[in-house]
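**Q** Return atomic coordinates for the entry below.
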Amino acid sequence: MAVNELGVLVLECAVPLHPYILLSWLRRCLVCSVLSLTLVVPSTHPCTYWKTNLSCLEVLTDTLKKRNSLTLAMAPVLGSRTLSKDDVNYMLHFRMINEQQVEDISIDVFYKPHTLTLLTFTVVSLIYFVFSREDTDADNNLRVGLLLVVSFFLIISVLAFPNGPFTRPHPAIWRMVFGMSVLYFLFLVILLFLNWAQVKRLMYWVDPNLRYATREADIMEYAVNCHVITWERILSHFDIFVLGNFAGWAMKALLIRSYGVCWTISITRELTELFFMHLLPNFSECWWDQVILDFLLCNGGGIWLGMTVCRFLEMHTYQWASIKDIHTTTGKLKRVLLQFTPASWTYIRWLDPKSSFQRLAGIYLFMILWQLTELNTFFLKHIFVFQAFHTLSWCRILLLGIITAPTVRQYYAYLTDSQCKRVGTQCWMFGAIAFLEALACIKFGQDVFSKTQVRSVFQWVLCVAFITSLCLYGMVRYEQKDEPELKSVSEREDGNLIDLCGYVPDDITGERDSWNNSASSSKRRRGSGRTKAVNGHND
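**A** This is a model prediction of the structure:
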């Protein structure tokens, strides 16, 4: 990249850019060039010097292009109002979790806008379904109409909704995921304004076999003959639900990425089952089933597996090659499959030695919301009477499992990044869904909740609060013990944006030192197991 091209680009960007950003970049361009001249040791070959200098200019030019596009996108919203430094940082940080952009585009056709093509496809499809089918069956008309409403809403989601924090395998998929969560949210809103008879008619219309469904608690016995412990009885408890529980905890560990938080949720989950077994009989289990099979093997084994995968992904170096640069068929196929893997892996630290009370309260709220979501799973199938293996149950679990990934990422950024002043849209939607499900359970499960033992619920609240506080205190103490080792990691990740060549936007004082130490700091990042994405984002 020639120096004069960089100058032309800066002049082109000057009109839409905020003065603070422009002056900061120009200053860094000047310092980067001066440092490149002054820091060349006598033994350095001239070619090496110019290669280093031009490489830095290329990085600067690329970032100017990206940030100029961001400023242009914000201009219609902000008008002529002068942006402060905090406003710029806030919008940049919030965009990273709510509107992540793809930087490693290798096949342009998949990322160029195709709005007119999509509109044509939508209109043609609608014409086909309207005029090519019989409309004599009223039920079938309604089913097809609702199916097309959902399909077209997802198409609009691709056009209008934000990407979220992830871009793999494609941002359009995550827009559709957000669209499905919006549809489920709207369905719950409608459900709350129906009566019980209307709800049952709706369920029977969706699946006529639900007329004959019975509660699991009415046909099964729980926690009987617990003193009889044989290998045959233990092995009989290993079914598809045990495998699902194990896989579920492995996925939770992949999302949360903290032994302390995962084990706290696991402990409080078992306490919740103990205190709510008077409402849900299937919570009643023998001690060896709850402690050994559930808590240690399923929960503990799943957490260990998930955290092991996390450590492996953190140690992995991510360097993505463009599919255009791969010349073998096998290599191209492998690259396509790798598109369904994370572009990079973010190191997660929920607590640090100096965590504020607000951060502790945020983690506590996160655990409570997680428990509420899991309780909803059991109360919904008990109140609305459908089996755990029914399509309604699996579809709900699958949907919530998918939207949990961007939710946790957005909530973590909101909790730990001081520049992120609001939660992401997917996180907001997840919280709304959890509370609407709870409201639906309370409204339509009055016969169940009429048996509530207030004393047990009060004891549950106290125990969960005490155990959670104790676990959070232990996590803080553990972080304080490792404070010297984690201090450098915290400085690299929290708060401020670290810009090009190691420069901090708010301070120019240490630029020369950061240039000298840039090579050594990158080596430390490799050694500490931190992830580096050459052409990707943090997923």
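**Q** what about the protein, any weak spots by pLDDT?
**A** 1-111, 315-327, 332, 335-336, 338-344, 353, 482-539 (pLDDT under 70).
**Q** Quick check: can you list the domain ranges of it?
**A** When the chain is parsed with automatic domain parsing, its domains come out as 3-83, 316-348+498-539.
**Q** Tell me the span between the first and last residue of stretch 351-362.
**A** End-to-end distance for stretch 351-362, by Cα to Cα, to the nearest Å: 11 Å.
**Q** Give me the neighbour count for R269.
**A** R269 has 19 neighbouring residues, counting by other Cβ atoms under 10 Å. Placement of C-beta: from N, CA and C, glycine included.
**Q** Same check on V124?
**A** Count around V124 with other Cβ under 10 Å applied: 10.
**Q** Quick check: it vs K112, distance?
**A** Distance of V124 to K112, given as Cβ to Cβ, to the nearest Å: 21 Å.
**Q** Check S393 too.
**A** Relative to K112, and taking Cβ to Cβ, S393 is found at 40 Å.
**Q** So between those two, which is more surrounded?
**A** Applying other Cβ under 10 Å to S393 and K112 shows that S393 carries more neighbours, namely 16 against 8.
**Q** can I assume the more buried one sits in a strand?
**A** No: according to DSSP: H, G, I helix; E, B strand; the rest coil, S393 belongs to no strand; its state is helix.
**Q** Please list all residues in contact with the nearest residue to L297 once chain neighbours are set aside.
**A** The spatially closest residue to L297, leaving aside those adjacent along the chain, is F246, at 7.5 Å (Cβ to Cβ, 6 or more residues apart in numbering). The contact partners of F246, by Cβ atoms under 8 Å, 6 or more residues apart in numbering, come to 297-298, 301-302, 305.
**Q** Now the helix or strand hosting F246: buried residues?
**A** Using DSSP states H and E, F246 falls within helix 240-256. By neighbour count on 16 or more other Cβ atoms under 10 Å, the buried set for helix 240-256 is 245-246, 248-256.
**Q** can you check stretch 202-209 too?
**A** Neighbour-count burial for stretch 202-209 [16+ other Cβ under 10 Å]: M203.
**Q** Alpha carbons only: can I get that stretch in CSV?
**A** Taking Å, rounded to 0.1, in the frame of the first residue of the first chain, the C-alpha atoms of stretch 202-209 are listed here in CSV:
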residue,chain,number,x,y,z
LEU,A,202,-55.0,-24.8,19.7
MET,A,203,-52.9,-27.7,20.9
TYR,A,204,-55.3,-30.3,19.5
TRP,A,205,-55.3,-28.4,16.2
VAL,A,206,-51.4,-28.5,16.1
ASP,A,207,-51.3,-32.2,17.0
PRO,A,208,-54.6,-34.2,17.4
ASN,A,209,-52.7,-36.9,19.4
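**Q** now what about that stretch, what contacts it?
**A** Contacts of stretch 202-209 (Cβ under 8 Å, 6+ apart): 139, 194, 210-211, 384, 386, 390-392.
**Q** again, only this time at 6 Å
**A** 210-211 (Cβ atoms under 6 Å, 6 or more residues apart in numbering).
**Q** repeat for stretch 422-429
**A** So stretch 422-429 is contacted by 97-98, 162, 164, 178, 181, 185, 406-407, 410-411, 414 (Cβ under 6 Å, 6+ apart).
**Q** Next: stretch 293-301.
**A** Contacts for stretch 293-301 (Cβ under 6 Å, 6+ apart): 237, 245-246, 249, 266, 270.
**Q** wait, L392 sits on V385?
**A** No: counting by Cβ atoms under 6 Å, L392 sits too far from V385 to count as a contact (10.6 Å).
**Q** one step back: pull the CA atoms of the helix or strand just after the helix holding F246 into PDB?
**A** Per DSSP H and E, the first helix or strand lying C-terminal to helix 240-256 is helix 259-275. Extracted in PDB, the C-alpha atoms of helix 259-275 (Å, rounded to 0.1, in the frame of the first residue of the first chain):
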ATOM      1  CA  TYR A 259     -16.100 -23.800  36.100                       C
ATOM      2  CA  GLY A 260     -17.300 -21.600  39.000                       C
ATOM      3  CA  VAL A 261     -20.500 -20.400  37.200                       C
ATOM      4  CA  CYS A 262     -21.300 -23.800  35.800                       C
ATOM      5  CA  TRP A 263     -20.900 -25.600  39.100                       C
ATOM      6  CA  THR A 264     -23.000 -22.900  40.900                       C
ATOM      7  CA  ILE A 265     -25.800 -23.400  38.400                       C
ATOM      8  CA  SER A 266     -25.500 -27.200  38.800                       C
ATOM      9  CA  ILE A 267     -25.700 -27.100  42.600                       C
ATOM     10  CA  THR A 268     -28.600 -24.700  42.600                       C
ATOM     11  CA  ARG A 269     -30.400 -26.800  40.000                       C
ATOM     12  CA  GLU A 270     -30.300 -29.800  42.300                       C
ATOM     13  CA  LEU A 271     -31.500 -27.700  45.200                       C
ATOM     14  CA  THR A 272     -34.400 -26.400  43.000                       C
ATOM     15  CA  GLU A 273     -35.400 -30.000  42.300                       C
ATOM     16  CA  LEU A 274     -35.400 -30.800  46.100                       C
ATOM     17  CA  PHE A 275     -37.600 -27.800  47.000                       C
END
